[in-house]
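J.: predicted model, plus sequence, below.
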Amino acid sequence: MAMAAASSSFLAPRADALAGPARRGARRVVARRPLTVAASKGEVTLLDYGAGNVRSVRNAIMKLGFTVKDVTTADEIMAADRLIFPGVGAYGSAMDILKQRGLVDPLREYCASGKPFMGVCLGLQLLFDGSEESGGVEGLGIIPGMVRKFDAPDLIVPHIGWNTLDVKKNSGLLKDVPPGDRLYFVHSFRATPEPNNEDWILATCDYGGEFVAAVQKNEVCACQFHPEKSGARGVGIFKNFLEGNVRETADKVVKSSAVGTDVGLARRVIACLDVRSNDSGDLVVTKGDSYDVREKDEGGDVRNLGKPVELAGKYYEQGADEVAFLNITGYRDLPLTDAPMLEVLRRSSETVFVPLTVGGGIRDFTDSNGKSYTALEVASAYFSSGADKVSIGSDAVYVAEAFYESGGVKDGTTSVEQISARYGAQAVVISVDPRRVYVADPSETKNKCVATKKPGPNGEQFCWWQCTVKGGREGRDIGAYELATAMEALGAGEILLNCIDEDGQGNGFDHELVGLVSEAVSIPVIASSGAGCPKHFTDVFEATNCSAALAAGIFHRGEVAISEVKAHMKSENVPTRM
Ligand code: 1PR
C-alpha cells in the first residue's frame, strides 16, 4: 500500500531518538545486547493486514514468550497451527483487503478445520454474515448474524472503555477473569446474540442492550474487547489461547450480576503526558499553568517532570485506564525523521497494555527536505508505532472553520474524515484547547454562550469558550461547542476537552464547559484540566455526562496516585475499573 510505504520512510526507528542532545560528530558506542535469548515457547501466526495498531498484540504475544510469524498469503494461513486475527479499522476496508489478497476462503477453511483461531475486535465481527458498517458489507459468514450500529436512544457511541462481561459458558479462555472484572472495548458496531448463533456465544456485555462480547466453538474463539489493551487480565486471556487452554473447564460459571452493583461501563481515568524537547534537546514530560510550561525563575527552562516511557509505565502500574501523549510542539515544522514520539510509542507499547493516545502535529505536512505527507500518513505512522488513537488539535479547528464556511459540506478530504474512514471513528480524538470569553450579552458572538455561575471581571453573566490553535497561542472565532459538533459530524469518535484557564490550577474541572460539550455531542467527552484532588473526579462525573477525566500535574508531581483516585471513585459508587 502506498500509505504504508510512505509511512515507513519516516518511521525508521531512531535508536538515539531518546538519547538526549545530539552530539554531532561524536562517535557513538553502541551497547550490544546480551546474546542469551530466552527460548521461544512456540510460534504463533499473525494475520496483520496493515490497518492499524497490532503492535500491542505482537508485544503481548512476545511478552508471553512466543514468537510471531506474519502471514500474508492463503497458503501461509492454511499452514498455520495457531492463528491470531487482530482486526482493526473499518469493516469495509478490512473485507476489501481480505478479498484483494484472496484470504476470504482460506480464513473460512482454516476456521472450519478446527485449528486454534483467535479474532480480536473487528476480527470477531468479520466472522459474522456481514455488517451495516461501510454501507453494508458481507463478512466471512462463519457465524450467523449481522453486525449493527449501537442504536439505543441517548447512548454515547463509540462504546469506549472498560466494561463487565456476562460469561455464558465454561471456557478455559476466560477462566482467569473473575466476575465483575472489566475489559477494554472500543467499537461503534456490535453483533447481538440470536437463537441461530447461540451455540457460539461465550460471553455478552451490556451497553444499551446485550451484545456479543466473546464467541467460542472448540478451538475457534474471538473477543469483541481487546485483550492486549485490557491490562494483565487481558494478557492472561492471550496466554490461555497460546498455551492451548481454551477448551471448556469444569469450573462453574459465576454470573457477573452476583458481584454487586459495580457493573457496566466504567468512568475512565486518563493520565496525560505533555511531551516536548527541553532546551538541551532531551524529550521530557512537562506541565504548565494555563499552557505556560516554563519555570517562573530566571532563565525560564522548560519544566522537566520525568521521562515519557517511564512515566507511562508507572501510571499503567497504578491503574490508569488509558495514557495520552501530547507532543505539545507538534504544530512546529519538524522533519518527520526526527519524530521521537514514534520511539516513545514503540517502547511504551512493550510494557503498557492499556490504550495509548498520541497527539501533536497530526495534519498535512511538508518536511524540511520538501517531502510532503498527508495527515493520514502521519496518523498511520503513529498507529503502526503503537498508538490506538490519534488526537488532532490545531488542524481540527481549521477543518471546522472550513466546514461551517462551506455550509456543512463533507468532502471527505479532511484529516478527520480520512483517518476516521480508514481507521474507524473510535481512533480519532479531537483535542480542544479553549479559553473562556465573557460577554455581557450572547448577541455579541455567533458562538454558543451559557449563562455562567462565575461572572466575568465586569460582572458579565455569559461566556463562551474560544478555540485556540498552536498550543493556545492563537485564538480563533469558533467556540468549543461549535468545534465539537462539527467534529462529530465529520466522523471523530471522542473529544478531549482541555481548558486553558483551568490547566494546572488544581481548582477542579470546568463543569460549565464540560456540561455544555457533553450535552452537545453523543460521542464520549474526556474532561481535562484543573484536577487537584480525587474529589474533583467524582465531582465532574456527578455534574456532567462526561465519560472520562484526565489529569497531568497531580500525577506527575506525585501529589495523588491514580489508585487513590480510583479508590475514591469506588467509595462514591462511580463505576470504576479497579
Ligand atoms: O495542535 O494538533 O499539534 O496538537 C498539539 C497538542 O498539544 C494539543 O492536544 C494541545 O492540547 C497540546 N498542547 C499544546 N501546547 C500545550 C501546552 O501545555 N503548552 N498541552 C499543550 C495541552 C493540556 C492538557 C493537560 C491538562 C491537564 N495540555 O492535556 O494535560 O490540562 O493538566 P492538569 O491536570 O495539570 O490541569 P496539534
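T.: Looks like it came in fine. Residues are numbered from 1 along each chain as shown.

J.: remind me which residues of the stretch 401-550 of the chain are low pLDDT?
T.: Across the stretch 401-550 of the chain, nothing is flagged by pLDDT under 70.

J.: around the ligand, which positions in it sit nearby?
T.: Taking Cβ under 6 Å from any ligand atom as the measure of proximity, the stretch 401-550 of the chain contacts the ligand at 431, 433, 471, 472, 498, 503, 504, 528, 529, 530, 531. For the C-beta atoms, the positions are set from N, CA and C on the backbone; glycine is no exception.

J.: list the contacts of the one helix or strand residue 233 maps to.
T.: Secondary structure from DSSP states H and E places residue 233 in helix 231-242. Outside helix 231-242, the residues that touch it by Cβ atoms under 8 Å, 6 or more residues apart in numbering are 41-42, 44, 60-61, 63-64, 66, 82, 84, 116, 118, 172-177, 181, 183-184, 221, 223, 225-228, 230, 246, 316, 353-354.

J.: OK, contacts around residue 498?
T.: Applying Cβ under 8 Å, 6+ apart to residue 498 gives the contacts 431, 432, 433, 434, 528, 529.

J.: how about residue 115?
T.: Neighbouring residues of residue 115 by Cβ under 8 Å, 6+ apart: 80, 81, 82, 83, 219.

J.: do the same with residue 135
T.: Neighbour list for residue 135: residue 92 [criterion: Cβ under 8 Å, 6+ apart].

J.: and the gap between it and residue 100?
T.: 18 Å (Cβ to Cβ, to the nearest Å).

J.: likewise residue 341?
T.: Residue 341 is 31 Å from residue 100, where distance means Cβ to Cβ.

J.: can you pick out the residue with more neighbours from the two?
T.: A direct count of neighbours by other Cβ atoms under 10 Å for residue 341 and residue 100 places residue 341 higher, at 26 against 10.

J.: just give me the neighbour total for the closest residue to that one other than its chain neighbours.
T.: Counting by Cβ to Cβ, 6 or more residues apart in numbering, residue 327 is the residue found nearest to residue 341 once chain neighbours are left out, at 5.0 Å. Number of residues near residue 327 (other Cβ under 10 Å) recorded here: 27.

J.: and stretch 59-70, how far from the chain's centre?
T.: Once both centres are worked out by Cα atoms, centre = their mean, to the nearest Å, stretch 59-70 turns out to sit 22 Å from its chain's centre.

J.: returning to that earlier point: buried subset of the contacts of helix 231-242?
T.: Among the contacts of helix 231-242, those classed as buried by 16 or more other Cβ atoms under 10 Å are 44, 60-61, 64, 66, 82, 84, 116, 118, 172-175, 177, 181, 183-184, 221, 223, 225-228, 230, 246, 316, 353-354.

J.: which one of the contacts of residue 115 is nearest the ligand?
T.: For these, the closest approach to the ligand (Cβ to the nearest ligand atom) belongs to residue 83, at 37.6 Å.

J.: tally of neighbours for the closest one?
T.: By the other Cβ under 10 Å criterion, the neighbourhood of residue 83 contains 23 residues.

J.: and residue 432, what does it touch?
T.: Residue 432 is in contact with 393, 396, 467, 480, 483, 484, 495, 496, 497, 498, 517, counting by Cβ under 8 Å, 6+ apart.

J.: which other helices and strands contact whichever strand or helix holds residue 130?
T.: Assigned by DSSP H and E, residue 130 falls within strand 128-131. Contacts defined by 3 or more Cβ pairs under 8 Å, 6 or more residues apart in numbering; DSSP states H and E place strand 128-131 against strand 137-138, strand 143-149.

J.: adjacent strands (with direction) for the longest one?
T.: It refers to strand 143-149. strand 128-131 (parallel), strand 189-191 (antiparallel) (DSSP bridges).

J.: mind checking pLDDT for residue 119?
T.: Reported pLDDT at residue 119 in the predicted model: 96.

J.: over to residue 52?
T.: pLDDT recorded at residue 52 is 65.

J.: ok, now which ones touch residue 157?
T.: Under the criterion of Cβ under 8 Å, 6+ apart, the neighbours of residue 157 are 149, 150, 188, 522, 523.
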